[in-house]
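# Quick check, what structure comes out for this input:
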Amino acid sequence: MKKILSLALVTGILFMGINAHAQNKPPEDKSKRPSPPATASATTTKGVAIKIDYSQPSVKGRVIGTGVEPKKDTVWRTGANEATVFEINKDVTINGKALKAGKYGFFTIWHGDTWTIIFNKTWDQWGAFNYKKADDVLRVDVPNMAPASPSEKMTFWIGKDGKVTLAWGNVGFGFTVM
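Predicted coordinates:
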């Protein structure tokens, strides 16, 4: 009986030590990821603060749509790692459609010649694995705009005029925040 009690005690102490070590793990340095985090932000001439937090995947010689996301006609987190987050400080219109101030998961569906831009109320999630269409707040369709020259890293730009542009490889799109 003493052996069983001693074994249980040692096992419990060992488990507590492992658990304490796991809790003391330093936070991940996201800048060391293959697709590091990036932020695009600007305040428009109308006072709308726009911020996009995303991770920047690289093309690395792959073909967008077959060798790497976005896959045609499939919801994409529009980046890598965590879902891309789109945040605005005021109620706005996106290409003429209303969107309330707040923080949104930013997803897209690439159709080849067009994109569906999605603002989803669930912004804090990994990728698009738990994406739910029922949580969509706004969808806007925009044309595909190939960049003047291919962009190795996926990049967002925000202009003072409220124009938001994405370029990655040979695909891209734009929309206007007013």
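# Who are the contact partners of the most centrally placed residue in the chain?
Nearest residue to the geometric centre of the chain (CA atoms, centre = their mean): Thr84, 1.6 Å. Neighbouring residues of Thr84 by CB atoms under 8 Å, 6 or more residues apart in numbering: 52-55, 77-78, 105-107. Just so you know, the C-beta spots here come from the backbone N, C-alpha and C atoms, and that holds for glycine as well.
# which of the residues you listed lies closest to Phe156?
Ile52 (4.9 Å; CB to CB).
# Who does the helix or strand the closest one falls within pair with, and is each partner parallel or antiparallel?
Element membership for Ile52 (DSSP states H and E) is strand 49-55. Sheet pairing for strand 49-55, assigned by DSSP bridges, gives strand 37-43 (antiparallel), strand 84-88 (antiparallel).
# quick one, helices of this structure?
2-23 (DSSP state H).
# For it, which residues score under the pLDDT cut-off?
Within the chain, the set of residues satisfying pLDDT under 70 comprises 1-23, 25-26, 30-34.
# just the strands in this structure please.
For the chain, the strands defined by DSSP state E cover 37-43, 49-55, 75-76, 84-88, 92-94, 97-99, 102-110, 114-120, 136-143, 151-158, 163-169, 171-176.
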